[in-house]
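Enquirer: prediction below, plus the sequence it came from.
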Amino acid sequence: MKKIFLLLIPVIFAVSCTTTFSGSKTTPEKKDNNKIVSQKEDNGEYELIIIDNNFDRWYIISGHQYSNMSNEFYQTWNRLGAISWNSYYMQNRYSRVIENSIDYDSNINYGLEFNKKLYCYFKFIEERYGIRLLR
C-alpha cells in the first residue's frame, strides 16, 4: 500500500454533524469526531486532510494571512506545535480536544501546502480553544 498514514488525530469539536473513520464510533455526548490524516500520495507528495467544518470555514477566511511564509518557517513552528500538542496529550490536558499524539518529523519534507495547513490548524486550535501551541 503506497498511502501511509503518518498521523491520525481525532479532535472533538461541538458541531452538528458527525464523522467516523476506521470504524470508530461517536458517543452521544460528542457531537463530532473530527480527524487529521496525513497520507503520502503516489507522486511522493504528502496531503493533509482535516475533517472539521469549523476549520474549513476558518481556513477559507483566515488562512490567506499566512500565505507569505517560507516552508522553513512552517516547519519550525509545526515542530513546536507538535511538541506542545504531544506534551498536552501525555499530560492528559485538554483531553476533549487533544485525544492522540502527532507524529510530525521535521526531517521529512512534507511540502509547503502541507506545512502551511498544519500551521494554520495549530493557529485555529489556539484561537478557538485558547490552547497554547505555538507560543
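Expert: Looks like it came in fine.
Enquirer: rounded mean pLDDT for the helix or strand hosting residue 38, please.
Expert: Using DSSP states H and E, the element containing residue 38 is strand 35-40. Averaging pLDDT along strand 35-40 yields 71.
Enquirer: the helix or strand following that strand - contacts with which helices or strands?
Expert: Next along the chain after strand 35-40, taking DSSP H and E as the criterion, comes strand 46-51. Secondary-structure packing of strand 46-51 (3 or more CB pairs under 8 Å, 6 or more residues apart in numbering; DSSP states H and E): strand 35-40, helix 112-129. For glycine as for every other residue, the C-beta is placed from the backbone atoms N, C-alpha and C.
Enquirer: just put the ones you listed in JSON lines and tack on mean neighbour count.
Expert: JSON lines is the format used below for the helices and strands packed on strand 46-51 (neighbours: other CB atoms under 10 Å):
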{"stretch": "strand 35-40", "mean neighbour count": "19"}
{"stretch": "helix 112-129", "mean neighbour count": "20"}
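Enquirer: good, we can wrap up now.
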